[in-house]
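> sequence plus predicted model, see below.
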Amino acid sequence: MASTETAAKDTAQDLAGLEAGLDALDAVQVSRTPVREVLVRKVLPPVVAVVLVLVVWQILIWAQVTDDYKLPSPSQVWDEVTDAWAQGTLLGYIWTSVSRGLLGFLLALAIGTPLGLLVSRVKLIRAAIGPVLSGLQSLPSVAWVPPAVIWLGLDDRMMYAVILLGAVPSIANGLVAGVDQIPPLHLRAGKTLGATGLRGTWHIVLPAALPGYLAGLKQGWAFSWRSLMAAEIIASSPDLGVGLGQLLEQGRETSSMSMVFLAIILILTVGIAIDLLIFSPLERWVLRGRGLLVKN
């Protein structure tokens, strides 16, 4: 009898300890991060990295490791930036490419999302289209530029076609991978609660597949941006305007390495900016919603 009472007390103490631990996990102290800490942890490291790259770049110039026309100095590239700004063309280069890239990505999102849902949920469509999507995803986007020019001509339709062919397979495959990772118990629980058809897709499938879907979106944007740059480099026309890809090609044609470096830096900057402004917040939101990231 005494042993039974002792065991009961031990069990009660264990449950109380477990409950206290869970309460401690739930009671997360939320406070505003000091500005100084934000600057040290998030702003300072990339600034230091950029400064180190510039220092190494300038050292290579001083060491004369190659001819000046092959490797321009940072000051020459900066002069190219100031000239383009003074002429009022710098923002035009960026906006021409960014507007095309974002609009093409949104079109790819509108097509790739329902396509991914169909492939992931309908076995017959998956058997027929799944391998094709995987093959299209591995096909270099630059391969679509010549047929797109022949089919659609040198206009924006050709640009968007190349973007869609590069981005849609990545978005669809990312969603398919996310749906495949959903535990079957979640889907059965959703059906038991009446979440079937479009309601089940919206309330159960898409939220549960968000991590894989977001990874597909990031890859889809990368494919969109690379596809657009390939199209702008290969297909140039006055009707298309001058984007970053055309700027890169102009630098090659005129043997202006400072212009080439300017175009490369702008292309890289846009890619980093889109990731920091759009996809990184989305990733943090998804992780925080799953309890994987605590907001301090």
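Good, I have the coordinates.

> low pLDDT regions in the stretch 51-200 of the chain?
Scanning the stretch 51-200 of the chain for pLDDT under 70 picks out the ranges 190, 193-197, 200.

> please enumerate the helices of it.
Assigned by DSSP state H, counting those that start in this stretch, the helices in the stretch 51-200 of the chain fall at 74-86, 90-121, 123-138, 145-152, 156-180, 184-192, 197-200.

> out of these, flag the one nearest Pro281.
Shortest separation from Pro281 across these is recorded for helix 90-121, at 16.0 Å, computed as C-beta to C-beta. For every residue, glycine as well, the C-beta is placed using N, CA and C.

> closest to the centroid, which residue in this structure?
Nearest residue to the geometric centre of the chain (C-alpha atoms, centre = their mean): Lys218, 2.7 Å.

> related to what we said a few turns ago, mind checking which of the helices of the stretch 51-200 of the chain is nearest Ser236?
helix 145-152 (10.7 Å).

> tell me the angle that closest one makes with helix 156-180.
Helix 145-152 and helix 156-180 are oriented at 120 degrees to each other (axes from the mean of the first three to the mean of the last three C-alpha atoms, to 10 degrees).

> buried stuff in helix 145-152?
For helix 145-152, burial by neighbour count (16 or more other C-beta atoms under 10 Å) applies to Val145, Ala148, Val149.

> where's the closest residue to the first one other than its chain neighbours relative to Leu228, distance?
The shortest distance from Val145 to any non-neighbouring residue, by C-beta to C-beta, 6 or more residues apart in numbering, is to Ile234 (4.8 Å). Relative to Leu228, Ile234 is positioned 11 Å away (C-beta to C-beta, to the nearest Å).

> name the residue in those two with the higher neighbour count.
Applying other C-beta atoms under 10 Å to Ile234 and Leu228 shows that Leu228 carries more neighbours, namely 27 against 15.

> ok, that one - contacts?
Ser97, Arg100, Gly101, Gly104, Met159, Val162, Ile163, Gly243, Gly245 (C-beta atoms under 8 Å, 6 or more residues apart in numbering).

> let's see that with 10 Å instead.
97-98, 100-101, 104-105, 141, 159-160, 162-163, 166-167, 243-245, 267 (C-beta atoms under 10 Å, 6 or more residues apart in numbering).

> what about it, which helix or strand?
helix 210-234 (DSSP states H and E).

> got the angle between that helix and helix 156-180?
Angle, helix 210-234 to helix 156-180, by the same axes, to 10 degrees: 160 degrees.

> what average pLDDT does the next helix or strand after helix 210-234 get?
Using DSSP H and E, the next helix or strand after helix 210-234 towards the C-terminus is helix 244-253. The average pLDDT within helix 244-253 is 89.

> and for stretch 207-215?
Stretch 207-215 shows a mean pLDDT of 84.

> can you tell me what sits against that stretch?
112-113, 116-117, 120, 170-171, 173-183, 186-187, 190, 201, 205-206, 216-217, 279, 282-283, 285-287, 289-290, 292.

> may I see the PyMOL selection of the buried members of these?
Here is the PyMOL command that selects the buried residues among these (16+ other C-beta under 10 Å):
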select buried, resi 112+113+116+117+120+170+171+173+174+175+176+177+178+179+182+187+190+201+205+206+216+217+279+283+286
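
> on that earlier part again, just the pLDDT for the residue nearest to the residue nearest to the centre of the chain when sequence neighbours are not counted.
The spatially closest residue to Lys218, leaving aside those adjacent along the chain, is Phe279, at 5.1 Å (C-beta to C-beta, 6+ apart). You'll see Phe279 listed with a pLDDT of 87.

> now Phe279: how far from Ala108?
Counting by C-beta to C-beta - Phe279 and Ala108 are separated by 15 Å.

> and stretch 228-241, how far out from the chain middle?
23 Å (C-alpha atoms, centre = their mean, to the nearest Å).

> tell me the mean pLDDT over it?
Rounded mean pLDDT across stretch 228-241 is 83.

> quick check: buried residues in it?
Neighbour counts over stretch 228-241 (16+ other C-beta under 10 Å) mark Leu228, Met229, Ala230, Ala231, Glu232, Ile233, Ala235, Ser236, Leu240, Gly241 as buried.

> ok, stretch 123-135 next?
Across stretch 123-135, burial judged by 16+ other C-beta under 10 Å covers Ile129, Gly130, Leu133.

> my read: the second one touches Ser120, true?
Yes: in terms of C-beta atoms under 10 Å, Gly130 counts as a neighbour of Ser120; the distance is 9.1 Å.

> common neighbours of the two, please.
Going by C-beta under 10 Å, 6+ apart, residues that sit against Gly130 and also against Ser120 are Ala172, Asn173, Val176.
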